[in-house]
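In: Let me see the structure of the following:
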Amino acid sequence: PRRMFPPCQVSVSGLRADSKYLMLIDFIPVDSFRYKWQDQQWEASGKAEPHLPDRVYIHPDSPAPGSHWMRQTVSFHRLKLTNNTLDQHGHIILHSMHRYQLRLHVVQARDVFSPTWSACSSFTFPETQFMGVTAYQNQK
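Out: Numbering: from 1, shown residues only. As a prediction, the model looks like this:
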């Protein structure tokens, strides 16, 4: 497993200061293709592998009052990704050479085990789309 680079950081506003919230991240496929790097660009090269069961990363400060989340930038630098489909450590599993979109969920909850999903807001940001890769190679 590897930490995501660069890490996701968000600024949060509009929460009730005294209500508790969970911050969660998951990843959704952007399309149904597998890609390859060719001629200095990413090109679709076939059908995507089946989407894996969803896993979410719960920010370690969860649950925390809205005042905590709004005080400063929330960083998800501890989030780890893997391409090991047999992972038993709860890491987020992604397929290499597939495009993904990060999705943030803000869930009102007293604790991790009793979320109020009706009080859940989900957000995606186009600038967080990325290609899952296992290695970076540069001849230079």
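In: is it true that Val10 touches Leu102?
Out: No - if you go by Cβ atoms under 8 Å, Val10 and Leu102 don't touch, sitting 9.8 Å apart. For the C-beta atoms, the positions are set from N, CA and C on the backbone; glycine is no exception.
In: Show me what stretch 45-63 is in contact with.
Out: 20-26, 29, 31-36, 38, 68-69, 74, 76, 78-79, 85, 90-95, 97-98, 105, 109-112 (Cβ atoms under 8 Å, 6 or more residues apart in numbering).
In: So which bits of stretch 101-119 are buried?
Out: 101-109, 115 (16 or more other Cβ atoms under 10 Å).
In: would JSON lines of those residues with secondary structure, distance to Gly132 and pLDDT be doable?
Out: JSON lines is the format used below for these (DSSP: H, G, I helix; E, B strand; the rest coil; distance: Cβ to Cβ, whole Å; pLDDT from 0 to 100):
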{"residue": "Gln101", "secondary structure": "strand", "distance to Gly132": "11", "pLDDT": "95"}
{"residue": "Leu102", "secondary structure": "strand", "distance to Gly132": "12", "pLDDT": "95"}
{"residue": "Arg103", "secondary structure": "strand", "distance to Gly132": "15", "pLDDT": "96"}
{"residue": "Leu104", "secondary structure": "strand", "distance to Gly132": "18", "pLDDT": "97"}
{"residue": "His105", "secondary structure": "strand", "distance to Gly132": "20", "pLDDT": "95"}
{"residue": "Val106", "secondary structure": "strand", "distance to Gly132": "25", "pLDDT": "96"}
{"residue": "Val107", "secondary structure": "strand", "distance to Gly132": "25", "pLDDT": "94"}
{"residue": "Gln108", "secondary structure": "strand", "distance to Gly132": "31", "pLDDT": "92"}
{"residue": "Ala109", "secondary structure": "strand", "distance to Gly132": "29", "pLDDT": "88"}
{"residue": "Pro115", "secondary structure": "strand", "distance to Gly132": "27", "pLDDT": "68"}
